[in-house]
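Enquirer: how does the following fold in three dimensions:
(one chain, ligands or ions: 3)
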Amino acid sequence: PKYVYNFTEGNKDLKDLLGGKGANLAEMTNLGLPVPPGFTITTEACRAYLRDGREPDGLQDEISQHLADLERAMGRRLGDPADPLLVSVRSGAKFSMPGMMETVLNIGLNDESVHGLAKQAGGNERFAWDSYRRLIQMFGKTVLGIDGDLFEHAIDEVKRAKGTTSDLDLDADDMRALVDTFKGIVREQTGKDFPADPREQMNLAIRAVFESWNAPRAVLYRRQERIPADLGTAVNVCAMVFGNCGMDSGTGVAFTRDPSTGQQGVYGDYLQNAQGEDVVAGIRNTMPLQELERIDKRSYDELLRIMEILENHYKDLCDIEFTIERGKLWMLQTRVGKRTPAAAFRIATQLVDQGLIDMNEAVTRVTGDQLAQLMFPRFDASGHTPIAKGMNASPGAAVGKAVFSSERAQELAAAGEDVILVRRETNPDDLGGMIAARGILTSRGGKTSHAAVVARGMGKTCVCGAEQLDVDLENRRFTAPGGVVVNEGDVISIDGSTGAVYLGEVPVVPSAVVEYFEGKGDTSDELVAAVDRILRHADSVRRLAVRANADTPEDAARARRFGAQGIGLCRTEHMFLGERRKLVEDLILASTDEERQAALDALEPLQRRDFIGILEAMDGLPVTIRLIDPPLHEFLPDLTELSVKVALAGEQASEKDRRLLEAVKRLHEQNPMLGLRGVRLGLVIPGLFAMQVRAIAEAAAERKRQGGDPRPEIMIPLVGAVQELEIVREEAERILREVGVDALIGTMIEVPRAALTAGQIAEAAEFFSFGTNDLTQMTWGFSRDDVEASFFSRYLDLGVFGVSPFETLDREGPGRLMRIAVDEGRKTRPDLKLGICGEHGGDPDSVHFCHEIGLDYVSCSPFRVPIARLEAGRAAC
Ligand code: ADP
Ligand code: MG
Ligand code: MG
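Expert: Residues are numbered from 1 along each chain as shown. Ligands and ions are numbered 1, 2, ... in the order given. Okay, the predicted model is just below:
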């Protein structure tokens, strides 16, 4: 294979082979921009080197040829004592890995060629020796692995002796002395002399760049950023240009527009008489790029002209590195630049208005994650220091009084106070408090803990697993590091986007985007207008419909404002909590048919009212109602608590408590998630499902009488065999007939067996909805509630998976089962409706997967509806 490409041979689409830097240097070269000549050694050569532990055959020859070409083009030979060519050896992987791998400048200098360099620069000795000491310093650190502080300390020493803090005050003699000192450091640290041979310098630097791919910090960075480990880096060898040969020279970085707002203009920093790395290292204060206009108008105008060329060519915001050598501008790097979420939306629409891209392209230029960021209120935290840090479980900015129980949270919230619910960890009983609170803070549990999952679902701010906090529930207070004690009622602020916890009130700025979705803002705000435009376009191209998971009329109404086209999952279990628990207890304790029927009869009108509200909020749109799903014991008192209560009461224990205790014991399960729940409950407790179906049917009938257009769909959870579904279906159809309304009847696909027998199940189901939370845990065989705390972080560290399968759908596992179910289900029933209602329905990557396998809709929490709309649009563009 060809291992080396001249800059004139590559282009921007060859990033796999030439790395991002090399591909873009080639692109700029071919655009005719002033790039110093050079060549790129491919990532393939790097991979071969890392695999075999030596350079691939032929690489040295190819390098020699390209070096000879470069020397010819420059009219100088590498390290020639009289008139040296110098080069930089620069790493550059496909994905930018800032600061992970290194670059060596000024290769080719030694005790002889340093004089030649001075001569080239018109006798500028300081410049030549400065360049030389930089070479030894960078080479020593990067190639020889010497602690960089040793060199820095030596420089500080010289500055101190001269009584200065600026390296500009160091003269040629100081630089020469530093070269000696640096050579001494190299000898001392490595037992060898600094290599004087230019070609050896180059070869060693190239190998060091190859090897830096596997440096521990690079490995860690890739794992975090989910960059594949086997790509390797390219190496760019580039003729040096010098920003450090006087005040008419310098180096800088620039953006073609403001990366934080998208505003067009001149954004960048410039440093006179300096080499590249000085700008980032912050040794001297840079000046705003605008000032270059005053210093060197010609170069400045040229730079602006080039920035315009680059923007028009890449059709996007670019960032660049440049150097000016005695009034001559050189381009050293460019790439499509990173930007804030707000800037991403603005820039995408600005580029459309400029005619550079079309709306389809604009939709792909932004992401659901960026939109999510824009939907959360933010803190203006300048001047505030966090007292602790936890995990950023659910973004947003929440301020309120710390409270330590669900009851207290509800009390204070009812009295109009803002509260933050602080717990060690939360459980389903905290739900009321979580709903009432502005935010949730826990000291235990990770990003898939109960608190985190529920909070994300509600779009509520949550910081979880703040382990530095000692939460004392009994005394209603917590202690933060440094002995800071926060008592109930003290105001705290939590930042769900960063995980920071603050004492006191940090000012909050609401999200203009959400205000707009809620109908409170308008499109006069440029950002809002951009988001609106992009979402509208996404809606016009997407193939997936977007529904919401909502259990209350309020949530349903909000989801609708956010663009939901129906409800994909209306859970009914919340409808059995609170005061209705007593009715559920009666149902479970019923010993005769009459008692059971009485309990069901009491529940039915309550259920009906719940459904009327939701059907009304979603009038004209489908509402998928799932019949009761969780294990019954969740509605009963806690076993331990009740045992204690009965034991303490002794003879005085009430008859009901005794019977309740028996029932709780009877219903106690080792693995409740695999126990009596879902359709199994429906088949075991006579009348339970029938009551729910009747409540749905009568709610629909009532809505019709009111002139509405109800579209209920009845969904049976946890089906594993078609027989289960057939039994429930028969009864449900009978009830629908009796009441005289229509409703689709379908099932969740969440047990692996259901996916595997989808062809049969589709005979009794008019729709499938993939319950990917259960499907994931049953496919992997681990329980979401348990594994998160015990081994998930370890698994992520070990790379067993790059991201939790509860967050992003695991395509090979549950995803494969979904494909099977889609294929076989549609074979049986071509018009089978297919959707997803697990947490994954609002996850960007998972939405793309659902698009690929041909689902009809995704369903997610109301707050994520716009995100799913956008991602469904991106998937279709
Ligand atoms: P990074 O990827 O860390 O930015 P670079 O390879 O871009 O590393 O180089 C580090 C610094 O050295 C940059 O400021 C760059 O502009 C500068 N630089 C690299 N090559 C040359 C060169 N041939 N002439 C002058 N400066 C250079
Ligand atoms: Mg760079
Ligand atoms: Mg489920």
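
Enquirer: all contacts plus neighbour counts: C-alpha atoms, from now on.
Expert: Fine.

Enquirer: how many other residues sit next to the residue in the stretch 551-700 of the chain that ligand 1 sits nearest to?
Expert: Proximity of the stretch 551-700 of the chain to ligand 1 (Cα to the nearest ligand atom) peaks at residue 562, 41.8 Å away. By other Cα atoms under 10 Å, the residues close to residue 562 number 22.

Enquirer: OK, contacts around the residue in the stretch 351-500 of the chain positioned nearest to ligand 1?
Expert: Going by Cα to the nearest ligand atom, ligand 1 is nearest to residue 365 of the stretch 351-500 of the chain, at 23.8 Å. Contact analysis of residue 365 by Cα atoms under 8 Å, 6 or more residues apart in numbering lists 344-345, 348.

Enquirer: do the same with residue 274
Expert: Residue 274 sits in contact with 243-245, 249-251, where contact means Cα under 8 Å, 6+ apart.

Enquirer: the same query, at a cut-off of 10 Å, please.
Expert: 127, 130, 167-168, 242-247, 249-252, 284, 323-324 (Cα atoms under 10 Å, 6 or more residues apart in numbering).

Enquirer: mind checking which of these land in strands?
Expert: Residues of these located in strands (DSSP state E): 250-252, 323-324.

Enquirer: of the contacts of residue 274, grab the buried ones for PyMOL.
Expert: Provided next is the PyMOL selection string for whichever of those are buried by 16 or more other Cα atoms under 10 Å:
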select buried, resi 127+130+167+242+243+244+245+246+249+250+251+252+284+323+324
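
Enquirer: which of the contacts of residue 274 come close to ligand 1?
Expert: Among the contacts of residue 274, the ones lying near ligand 1 by Cα under 6 Å from any ligand atom are residue 242.

Enquirer: just to revisit the earlier point, my guess is the residue of the stretch 551-700 of the chain closest to ligand 1 contacts residue 860, does it?
Expert: No - when contacts are counted by Cα atoms under 10 Å, residue 562 is not listed as touching residue 860 (11.6 Å).

Enquirer: which residues are common contacts for those two?
Expert: Shared contacts of residue 562 and residue 860 (Cα under 10 Å, 6+ apart): 548, 866-867.

Enquirer: report the central residue of the protein.
Expert: Centroid-nearest residue in the chain, with Cα atoms, centre = their mean: residue 369, separated by 6.2 Å.

Enquirer: tell me which element that one is part of?
Expert: helix 368-375 (DSSP states H and E).

Enquirer: let's see that helix as PDB, backbone CA atoms only.
Expert: Output in PDB follows, covering the C-alpha atoms of helix 368-375 (Å, rounded to 0.1, in the frame of the first residue of the first chain):
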ATOM      1  CA  GLY A 368     -31.300  15.900  19.900                       C
ATOM      2  CA  ASP A 369     -28.700  16.200  22.700                       C
ATOM      3  CA  GLN A 370     -28.100  19.800  21.700                       C
ATOM      4  CA  LEU A 371     -31.800  20.500  21.700                       C
ATOM      5  CA  ALA A 372     -32.100  18.800  25.200                       C
ATOM      6  CA  GLN A 373     -29.500  21.200  26.500                       C
ATOM      7  CA  LEU A 374     -31.500  24.200  25.200                       C
ATOM      8  CA  MET A 375     -34.600  23.000  26.900                       C
END
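
Enquirer: I appreciate the help and will end here.
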